[in-house]
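# Pasted the sequence and its predicted model underneath.
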Amino acid sequence: MIAMTKAEAHACRATINRLTTLVDSARDLRGEAKTLGLRDTARSLADAARTLDGARTRLVEDGAEYLDAARAFINAAENMLTDRAIYIGRFANGRR
């Protein structure tokens with residue numbers, strides 16, 4: 001195990017928590033997409049959840065040395081999930 005400073009440990013915990021939130025969001029959106037019959041969107045969201053879960057696991061294993069990569073996953077996921085949520089919302093409201 002690699003020793004971390006308190007600041008690094010805090011940054012890792014905060015990033016792990018953010019990844020957890022995004023995994024949960026991707027899974028929730030996947031359920032909505034599936035309910036609406038948006039199979040490709042649901043599949044894309046399931047893939048995103050798995051990828052984010054993998055990044056979270058890697059961060060737990062590798063610690064601070066993986067922070068930059070984990071943050072990159074977060075930035076990409078936030079944009080993607082926002083786009084998918086808007087699409088699902090429009091579809092649900094009949095405004096494809």
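On my side now, so go ahead. Residues are numbered from 1 along each chain as shown.
# what about Arg30, which helix or strand?
Taking DSSP states H and E as the criterion, Arg30 maps to helix 6-35.
# what does whatever helix or strand comes next after that helix rub up against?
Downstream of helix 6-35, the next assigned helix or strand under DSSP H and E is helix 39-62. Defining contact as CB atoms under 8 Å, 6 or more residues apart in numbering, one finds that helix 39-62 is touched by 2, 12, 15-16, 19-20, 22-23, 26-27, 29-31, 33-34, 66-67, 69-70, 73, 77, 80-81, 84, 87-88. From N, CA and C alone the C-beta is placed, and that goes for glycine too.
# One more pass at 6 Å, please.
Here helix 39-62 makes contact (CB atoms under 6 Å, 6 or more residues apart in numbering) with 16, 19, 22-23, 26-27, 29-30, 33-34, 66, 70, 73, 77.
# contacting residues for the residue positioned nearest the centre of the chain?
The centroid of the chain falls nearest to Leu22 when counting by CA atoms, centre = their mean (3.4 Å). Listed by CB under 6 Å, 6+ apart, the contact partners of Leu22 are Leu52, Ala77.
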